[in-house]
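**Student:** Quick one: sequence and predicted model below, then my questions.
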Amino acid sequence: MCRSDVAPILSRAYGRFMAGAGQSHDASIRPSGTDAKRAHSRDDGVVNACLDPQFDAMTRPLLVRRLGRQPYVRVLEAMRAFTDARGVDTPDELWLLEHDPVFTLGQAGRSEHVLAPGDIPVVKVERGGQVTYHGPGQIVGYPLLDLRRLGLGVRELVCRIEQAIIDTLAEWNIVAVRRDGAPGVYVGDAKIGALGLRVRRGCTFHGLAFNVAMDLEPFRRINPCGFQGLAVTQVLDLGGPGSLAAVEDVLVDAFARQFGFHPQPAAANLPLLTGTDRAGAVDAA
């Protein structure tokens, strides 16, 4: 099993995981080609150790499951079960999906940041951070990684996930940055990518949310990440594609580069592990 029975306590600097919200944001200036890909790594006040991966390129398998649209609680239960049951030889996985509309409130989240949820359910979860929104048109990625096997700490994990999103946006000449002390990815003053993670027995679950082509109105019903009036934006509004599949393809490649993975397609279902890593699966449909 992934070692240690006590889940590590995440750094206070990352206590505001899983943010994003507010109003749509106008496209910022987008340098073309090489200029954009240089600009995306010049953000201020950031430890940049993650920008040049130290791993041997593409040496580790990463099973990538594209699960389509899924109810939140079903996937939550599946990733908890996967994390609890995985063994030392269980391959790392990346689950990509959309969720039905849902607000999620992190472990330290305060209910006063949920302003007017209306008919959208609110689910309290064990990830870090305050409240955020998931809905159709947003890529949700759950990296299920063994950090001890990768030799990574939480700070570098976060940095590399952020960089994968930044590199993905650069494909369409969208210049994005990270902010010191406020995990996630920003274009101008608006958030486009959010992170919310949990580590249990050295293994990660929960993950990232990346706005592509969605209805941003529900973000106005909350103080996203605990910040009143925080704006959000999305790929489509910044001149990129509205196709989740197109963005996912680039994101998978960028994620694999950051962690030295060789991505491999896996069945579009939610796995259920046994002690021998040979269980059945739950169909995604």
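**Tutor:** Now that the structure is in, tell me what you want to look at. Numbering: from 1, shown residues only.

**Student:** make it CA atoms for all contacts and neighbour counts henceforth
**Tutor:** OK.

**Student:** what ranges do the strands span in the stretch 1-150 of the chain?
**Tutor:** 60-70, 92-99, 102-105, 122-124, 131-134, 138-144 (DSSP state E, counting those that start in this stretch).

**Student:** contacting residues around the second one?
**Tutor:** Read that as strand 92-99. 61-72, 134-146, 248 (Cα atoms under 8 Å, 6 or more residues apart in numbering).

**Student:** So what angle separates the directions of that strand and strand 138-144?
**Tutor:** 160 degrees (axes from the mean of the first three to the mean of the last three Cα atoms, to 10 degrees).

**Student:** Let me know the angle separating strand 92-99 from strand 60-70.
**Tutor:** Taking the same axes, to 10 degrees, one finds strand 92-99 and strand 60-70 inclined to each other by 20 degrees.

**Student:** Please name the strands paired to strand 92-99 in the sheet, noting orientation.
**Tutor:** strand 60-70 (parallel), strand 138-144 (antiparallel) (DSSP bridges).

**Student:** looking at those strands, which is buried most?
**Tutor:** Highest mean neighbour count of the strands paired with strand 92-99: strand 138-144, a mean of 25 (counted as mean count of other Cα atoms under 10 Å).

**Student:** tell me the mean pLDDT for it?
**Tutor:** Average pLDDT, strand 138-144: 98.

**Student:** sorry, back to before: so which of the strands paired with strand 92-99 gets nearest Pro183?
**Tutor:** Of all the strands paired with strand 92-99, strand 138-144 sits nearest to Pro183, with 15.6 Å by Cα to Cα.

**Student:** Run through who's touching the closest one.
**Tutor:** Against strand 138-144 from outside (Cα under 8 Å, 6+ apart): 79, 83, 92-99, 134, 203-214, 244, 248.

**Student:** next one: that strand to chain centre, how far?
**Tutor:** Chain-centre distance of strand 138-144: 5 Å, with Cα atoms, centre = their mean, to the nearest Å.

**Student:** Just the CA atoms of it, as CSV, please.
**Tutor:** What follows is strand 138-144, C-alpha atoms only, in CSV (Å, rounded to 0.1, in the frame of the first residue of the first chain):
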residue,chain,number,x,y,z
GLN,A,138,-15.4,22.4,-17.6
ILE,A,139,-12.6,19.8,-17.7
VAL,A,140,-12.2,18.2,-14.3
GLY,A,141,-9.0,16.2,-13.9
TYR,A,142,-8.3,13.8,-11.1
PRO,A,143,-4.6,12.9,-10.9
LEU,A,144,-4.4,9.7,-8.8
